[in-house]
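Peer 1: Sequence below, structure please.
(2 chains)
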Amino acid sequence: MQKLKKPLEYVNPDYENWGIYKLDKDKDAFLIDVVERIIEKSRKNYPTTRALFDELASTLYQERIRVTTSRWKSDPDDEKDFWNNVKGQIIKFQKAQNWEDADRAVLETLLKKILYRYAYEIVANFKPRIFDLAQRFLPRILFLFLNSKLNSPFKFLFRKMNSFYEKFVITGDFDLIRNLSKKGTIVVVPTHFSNTDSPLVGWTLNSIGLEPVTYGAGINLVGTQPLSFMLNNLGAYKLDRRRKNALYLELLKSYSQMAIERDTPSLFFPGGTRSRSGAIESKLKLGLLSTAVEAQQENFIHHRKKIFVLPIVINYQYNIESSSLINQYLVEVGKEKYVSDSFEYSTTYKIVRFIKHLFNADTGVVISFGKPLDVIGNEVNENGESIAPNGKPFDIKGYFEIENKIVRDEQRNYEYTKILGDKIVKSYFKYNTVMTSPLIAFSYFLLLKRRHKHLSLFEIMLLPKEDRIIKRERILEVISLLKVRLMELCQEDKVNISDFILENSAEAILVNGIDSISLFNSKKVVYADSDGNINSQDVKLAYFYHNRLIGYNLEQYI
Amino acid sequence: MSNIYNISKPIGILGIGSFGTVLANLIAERHSVIMYARKQSTVDNINIHKKHREIEILPNIAATTDLRFLAGHCDIIFPVLPSYAFRNVIKELSDFLTSNHILIHGAKGFDVKIDFTKGPVEIRPKDICTMSEVILEETPVHRVGCISGPNLAKEIAQRQPAGTVLASKFKEVLTIGTDILQCDRFQIYRSNDIKGIELAGVFKNYIAIAAGASAALGYGENVKALLITKGISEMIAIGKTLGVEPKSFLGLAGIGDLVATCSSPLSRNYSVGYRLAKGEKIEQIIATMTEAAEGINTVKVIKYLSDTMHIQAPLVGIIYKIMYEGFSLEQGIKLLMRLNAGQDVSFY
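Peer 2: A predicted model of the protein is given here:
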């Protein structure tokens, strides 16, 4: 496992060869391909004219509800007119009440019209000059802006950014990853705990010399935030989470799949949204992930590249969104048992505060690259060959074949996606780096829960201050036991541990954890009282950080 | 049924027991078949004398002692092996398997990761693998299926009609498997609950032992009906602990197989129970059997599992006592009658 000390050269220095650039240049032809493929699929999925009509009518119904009840600033001005026009055509068609085959062409024209509208709304833009600007100056400007200790801002502006790599620990087999990026198409699948994950992963990939990835960003974010211009030109395709209709979702999947087929490195968060509970994602959303498997099938048919899936685990010592995330989680699971007291800063404000604290703290972020996988979840070697359970390299093309002929089969590929999902989850647990703040939160919350075992989670949240005290000696004892168990797991290759934990005593771990965990929060998540005993001003946040270590069966060792 | 796959390569059969042999003959009616046997003499019998286990072998069946040859020529292989040998043979085969292969097994036993043969041990769900899980662990093959159902080999060999359940998570395995197996005397029902179907085939074995014993004592249909229905309840309770839904136990591979094995002296497990009731010791019975009766190990595994996991499983407890703790059958029956039986139907 390598640790990044300074940024690496681009594997592919000529941006004109970048997948994302080529996709942008060939945008119109690409969208024609995407729409044509969906039209082709629709002939199978909606074989009768009636079935296609029903789908279009359903799309119209859902879109009209959205247009009237859920308007965003980012929505185009002509939305109402567009859907009124669709409505007119649907009514006209329905009035004719003729379900003969000849009518299908009319409906397909309407289908195309809707699909092209969606496609041009979604499509990513990429401008190399803006990308270059963002990569070179954005982190420096932010650093400069936020770090009051710098004496000579102008010198710093043009200095190398190596000091970044003291705050951001990046680990992984970079040689292998860089090598594979030459041989195939990379699909990056990070854990998701924070809104800062996308830019952070983008910057990390750039640091190890990979070309930029395309990824989905909420259309509201792209349309309204101050950084919208940047985001809009850095390869993000735009997702509208209000839209759940089948045509839109199909377009999104086909877009993602065909971008991968065109050798565009991509990024998905397979957990879907940010982990609300703070736990590592163990149930993944397979929809977008399945596009990697489907793309691999098409690539085999057309003798194109192999696809490599790259899990990434991001560990923050503390998470500025923790308060709102855990509130959302507790509201969802607790329902009437939990009364929310959520308060969230604006996104921009949060990011500024987060980065400021990041640079004042001793430890920042650990970003761990997992071993690259093929689309069935097998590890791959430096030649890009998949490794079978018996340790030998083998060809995965056969998974898509019957008697050496590739057979398209969505159901089979969905089963493969589940296998891939399971392997990604295993990788998340394995490459999760335990830092001091989750370790002390886990120890504290576990002891609190044990002491009040007759109370529910929600009752524990409401305990008075004096009932939340845990003796310092007891928590130190638990931290020591957990450290021993975590080291065993680490030797079994089931988790990573931060250097600080490895090198320090339970006492030092506790002190470091306490210093880090409450950096951002107004309340102290875990703190030492005047007697040195351990308490919390916000038990739900202690629970949030504690959740990061569930799934390792650590409880049974205490 | 779709036939887009056009299977032209021979079908492999791994295992030369009575079921493997009749399965080979059944498939050979429409496909060429390659059987694998360890002994050259068996291979010669099949290739030259066209006879094995007193069963005539169809002309388009060939046999080999070479696993590489089998895997190289057959993309679809049916491992029909006793569970105790399953993992080792699959490991050996694994070197020659590729991503192209599809494996559909016909084994009805467990693979247990801890040694349970020397006496009571704690067995948890994680210690038990079904045969499809063994294949997934040991080979690069993902497209796995199983067949399970009331398929007494002698009856199939006599060309009597029968049905079986073909289970796989993969629709293409179900389509291809059906295409290979189905004929006018062998009906195929499909299921995507492979683990449920495998467990149904395993669990019914110990109920068959009890049924054989009851027949030996001259008990009639009332006891048999009691064993079958309460046996199903018990199977479902244990199945739930292993993470499967009840519905697979209610079909051909569950109730269907249970009815067949609880009624037929042709069943190996039934004959184990029968001989036990006639006073033979379990060691004697094992020593004289030509083919494995999976139920003998199943009783131990399920007994230890139900004890560890606190599952109410009185039938397996009583059979275990009779087989390994010197209980007489009469004592066993008395114990069953004295139990607080509780609700009739307690699974949903």
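Peer 1: Local confidence estimate at the nearest residue to residue B:92 once chain neighbours are set aside?
Peer 2: In space, and not counting its chain neighbours, residue B:92 is closest to residue B:67: 5.9 Å by C-beta to C-beta, 6 or more residues apart in numbering or on different chains. For the C-beta atoms, the positions are set from N, CA and C on the backbone; glycine is no exception. Reading off the confidence values, residue B:67 has pLDDT 97.
Peer 1: Flag every residue of chain A that's near chain B.
Peer 2: A:376, A:378, A:388-390, A:392, A:394-399, A:401-404, A:407, A:409, A:411-412, A:415-416, A:419 (C-beta under 8 Å from any C-beta of the partner chain).
Peer 1: Now the buried members of those residues.
Peer 2: Among the residues of chain A next to chain B, those buried by neighbour count (16 or more other C-beta atoms under 10 Å in any protein chain shown) are A:376, A:378, A:388, A:394-399, A:401-402, A:409, A:412, A:415-416, A:419.
Peer 1: Narrow those residues to those in helices?
Peer 2: Using DSSP state H, the subset of these located in helices is A:412, A:415, A:416, A:419.
Peer 1: if we take those, which one ends up nearest to residue A:271?
Peer 2: Each of those was scored against residue A:271 by C-beta to C-beta, and residue A:419 proved nearest at 17.4 Å.
Peer 1: coming back round to it: looking at the ones in helices among the buried ones among the residues of chain A next to chain B, which is nearest residue B:6?
Peer 2: Comparing these against residue B:6 with C-beta to C-beta places residue A:412 closest, at 17.1 Å.
Peer 1: Looking at per-residue confidence, what score does residue 127 get?
Peer 2: Going with chain A. 88.
Peer 1: Oops, wrong one, chain B.
Peer 2: pLDDT at residue B:127 comes out at 93.
Peer 1: do you know how far it is from residue B:114?
Peer 2: 5 Å (C-beta to C-beta, to the nearest Å).
Peer 1: Residue A:1 too?
Peer 2: In terms of C-beta to C-beta, residue A:1 sits 33 Å off from residue B:114.
Peer 1: which residues of the stretch 101-250 of chain A score low on pLDDT?
Peer 2: A:101-102, A:137-164, A:166-167, A:220-228, A:230-231 (pLDDT under 70).
Peer 1: Mind jotting down where the strands sit in it?
Peer 2: A:168-172, A:184-190, A:214-218, A:236-239 (DSSP state E, counting those that start in this stretch).
Peer 1: Got phi/psi on residue B:189?
Peer 2: phi -100, psi 140 (degrees, to the nearest 10).
Peer 1: That one reaches residue B:174, doesn't it?
Peer 2: No. The pair residue B:189 and residue B:174 does not pass the contact test of C-beta atoms under 8 Å, sitting 10.1 Å apart.
Peer 1: Spit out the residues that contact these two alike.
Peer 2: residue B:166 (C-beta atoms under 8 Å, 6 or more residues apart in numbering or on different chains).
Peer 1: ok, the two, which is more surrounded?
Peer 2: Using other C-beta atoms under 10 Å in any protein chain shown, the more surrounded residue of residue B:189 and residue B:174 is residue B:174, with 21 against 16.
Peer 1: list the contacts for that one?
Peer 2: Counting by C-beta under 8 Å, 6+ apart, residue B:174 touches B:145, B:166, B:167, B:168, B:190, B:192.
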